[in-house]
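S.K.: I'll drop the sequence and a predicted model, then ask my questions.
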Amino acid sequence: MKKIYILLTALCVVLFASCEGFLDVVPSNSAPAETSITTAADAEVVMNGIVSKMTSASYYGRNFIMYGDAKGGDLTIRSQGRGLDALYVFNHSASSNSYSGYWVQIYHCLAQVNNLLLNIDKIAEAGTMTSALESYKGQALTLRALMYFDLVRLYGKPYNMDKSAYGVPLILEPQDASAEPTRASVEQVYAQIVKDLTDGAPLLSKSKAKGYVNYYANMALQAKVYLYMENYASALAAAETVINSKVYTLYSNSNWVSSWTSEFNTESIFELAMYLDESDLGTGSLGFYLRRSKHGSTSAMGWFMASDYWIARMNEDPGDVRWGIMSYDESYSDTGVYRNGSCYKYSGSTTLSGDGKGSGTAVNIKVIRFSEVYLIAAEAALGTGNKDKAATYLQEIRKRSPGLPAATAATVSVDMILNERSKELFAEGHRFFDMMRLNKTITFNDDFITPSVVITHREKTIDRTFYKTILPISTDEMNANEAIRSQQNPGY
């Protein structure tokens, strides 16, 4: 009997509509994928499909962002069973709550990227390459790097923990459905990420690109990847390339809150567009998952809210401008005390104004912001021993808390930078990965849950030695790909 390969259904040359159905990569319903991309216009169609599919609920549209904060200790839940709480309680196994949607959707996106790259290379071999096609190649290589970076952080150990451990299968070209790819090491995956980024960078435009990656998005991602690898000199050089370009500017304290009410602002380096008629997740959107229960709709269930620990961090300065995107959560109904634990970044504002499309749910996803580049630069500079530079970069973000003393060479530390990352990048999908790469202990705000329940799938405090900090390979995937069965993550 012929096997149905789950992963490879997504990886083979794509002649079918997506499992989530945004946009088929084939420009014509009748043209074979191997020859359907012959012009820059065709490549544009494919690229539009790729960035659209990245807004899937299984990827940047919701679940990948939620993963980083639900598991990182900055979010907590008021009640179990509302949705995605398995992320918070780490209730994962190969057959239940494996969250295989990450694997399937990201590899599906990779299939389209690989098909685009294959066809552009064929055009180049034929001698008809254009600058526009080179730009699409640079975009595809950069997005492939981002996708593998996301996958290896979900399924592999941190680079500085064990880079020889299993990462994920490296698929760099369209595959036949009978192929059985095996997992490359974490180190091999990172090496490919760096190669794709360095190969892609010179092909990209240095102009702003709304909804797409450009040269500076590539460099920002390089900075982040090198930071995870603890190659601080390279991380700092890449971050400073973005900073010194003067293409982007940080939000002032007076416009930080309002920046969430419009698209593609001055800090937006790579932002995924959420369209009303295509990728608006409505009651399943990030905005709904983070707003308080019943706000704007009876379908809003108050899924996640800020933990006491995050609120305590913010309470160091009641004048922190970032309080402006927070509002009270549902705990008020139980306690009679206002607690600003509901985040409205993905609703545009605390009044659900959205970001200019007339919707409080179709709000763009800011994948890379300029403020993160400053924070990367601060940490990388500290890693190189340059405390003066580290303090200077950190203070540019820390001044959003005007009541706190300025960072100086004498006071700057990794923990100070980490705390600032928590406050600035809250609910943007970073905290868990930061805690893992820095080998920090995560404490969960389980006592906030009411009525009190016993969490059985993890302890209240965990670190990266806990096996469930890495997702399992799903049973369906192992059944489909026998070669990967012996490469399950430890503990599962």
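M.R.: The structure has been received and is ready for your questions.
S.K.: Could you point out the helix or strand that follows the lowest-mean-pLDDT helix or strand in the chain?
M.R.: Least confident helix or strand of the chain, by mean pLDDT, DSSP states H and E, is helix 6-11 with a mean of 38. Next in sequence after helix 6-11, counting helices and strands by DSSP states H and E, comes helix 40-53.
S.K.: in the stretch 251-400 of the chain, which spans are helices?
M.R.: Ranges of helices in the stretch 251-400 of the chain, per DSSP state H, counting those that start in this stretch, are 286-290, 308-314, 332-335, 370-383, 387-398.
S.K.: Could you dump those into a markdown table and include distance to G83?
M.R.: Where you see a C-beta, it was placed from the backbone N, CA and C, and this is true even at glycine. Listed next are those as a markdown table, based on distance: least, CB to CB, whole Å:
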| stretch | distance to G83 |
| --- | --- |
| helix 286-290 | 7 |
| helix 308-314 | 20 |
| helix 332-335 | 19 |
| helix 370-383 | 27 |
| helix 387-398 | 32 |
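S.K.: How is the chain divided into domains?
M.R.: Domain assignment of the chain by automatic domain parsing yields the ranges 1-204+456-487, 274-363.
S.K.: what about those domains, which gets the closest to T384?
M.R.: domain 1-204+456-487 (16.1 Å; CB to CB).
S.K.: wait, what's in contact with R431?
M.R.: R431 makes contact with G68, D69, K71, G72, G73, D74, R421, S422, L425, according to CB atoms under 8 Å, 6 or more residues apart in numbering.
S.K.: just to revisit the earlier point, select from the domains of the chain the stretch with the lowest mean pLDDT.
M.R.: Mean pLDDT per stretch puts domain 1-204+456-487 lowest among these, at a mean of 87.
S.K.: ok, back up a step: between the contacts of R431, which sits nearest F466?
M.R.: Nearest to F466 among those: K71, at 10.7 Å, using CB to CB.
S.K.: hmm, back to that, most packed of the helices of the stretch 251-400 of the chain?
M.R.: helix 286-290 (a mean of 27; mean count of other CB atoms under 10 Å).
S.K.: now what about that helix, what contacts it?
M.R.: With CB under 8 Å, 6+ apart as the criterion, helix 286-290 contacts 61-62, 65-66, 83-84, 281-282, 297, 299-301, 303-305, 342-348, 352, 360-361, 363, 365, 427.
S.K.: Mind doing that once more with 7 Å?
M.R.: 62, 65-66, 84, 299-300, 303-304, 342-343, 346-347, 360-361, 363, 427 (CB atoms under 7 Å, 6 or more residues apart in numbering).
S.K.: So which of those sit within strands?
M.R.: S342, C343 (DSSP state E).
S.K.: Give me the buried subset of the contacts of helix 286-290.
M.R.: Taking 16 or more other CB atoms under 10 Å as the criterion, what is buried in these is 62, 65-66, 84, 300, 303-304, 342-343, 346-347, 360-361, 363, 427.
S.K.: Near T351, how many other residues are there?
M.R.: T351 is flanked by 13 other residues according to other CB atoms under 10 Å.
S.K.: buried stuff in stretch 426-442?
M.R.: Neighbour count says stretch 426-442 has 426-438, 440, 442 buried, by 16+ other CB under 10 Å.
S.K.: Can you get me the start-to-end distance on it?
M.R.: By CA to CA, to the nearest Å, the extent of stretch 426-442 from end to end equals 15 Å.
S.K.: pLDDT on it, on average?
M.R.: What stretch 426-442 shows for mean pLDDT is 98.
S.K.: any idea which of the buried residues of stretch 426-442 is closest to R485?
M.R.: Of all the buried residues of stretch 426-442, R485 sits closest to M436, with 25.9 Å by CB to CB.
S.K.: Report the angle between the helix or strand R144 falls within and helix 40-53.
M.R.: Counting by DSSP H and E, the element that carries R144 is helix 131-155. Angle, helix 131-155 to helix 40-53, by axes from the mean of the first three to the mean of the last three CA atoms, to 10 degrees: 20 degrees.
S.K.: Contacts for the helix or strand that helix 131-155 is followed by, please.
M.R.: Downstream of helix 131-155, the first helix or strand assigned by DSSP H and E is helix 186-200. Identification of contacts with helix 186-200 by CB under 7 Å, 6+ apart yields 138, 141-142, 144-145, 148-149, 152, 156-157, 159, 162-165, 167-168, 170, 218, 221-222, 225, 229.
S.K.: buried set for helix 186-200?
M.R.: V186, E187, Q188, V189, Y190, Q192, I193, V194, D196, L197, D199, G200.
S.K.: How about stretch 438-457?
M.R.: L438, K440, I442, F444, N445, D446, F448, I449.
S.K.: Ends of it, what's the gap?
M.R.: In stretch 438-457, first residue to last residue: 23 Å (CA to CA).
S.K.: Tell me who's in contact with the spatially closest residue to D308 that is not a sequence neighbour.
M.R.: Spatial nearest neighbour of D308, excluding adjacent residues (CB to CB, 6 or more residues apart in numbering): N445 at 5.1 Å. Residues near N445 by CB under 7 Å, 6+ apart: T76, S307, D308, Y309.
S.K.: The first one and I311 touch, don't they?
M.R.: No - the criterion here is CB atoms under 7 Å, and T76 misses it with I311 at 10.0 Å.
S.K.: Just give the closest residue to Y275, not the sequence neighbours.
M.R.: That would be A362: by CB to CB, 6+ apart, it lies 6.4 Å from Y275.
S.K.: Burial check on the one you found, number of neighbours?
M.R.: So A362, with other CB under 10 Å, has 25 neighbours.
S.K.: ok, now the one 4 residues further on?
M.R.: Residues lying near K366 (other CB under 10 Å) number 26.
S.K.: pLDDT value on it, please?
M.R.: pLDDT, K366: 97.
S.K.: Apart from its chain neighbours, what residue comes closest to it?
M.R.: Using CB to CB, 6+ apart, the nearest residue to K366 is E271, at 5.1 Å.
S.K.: Tell me which residues touch Y338, please.
M.R.: By CB under 7 Å, 6+ apart, the residues touching Y338 are Y328, Y332.
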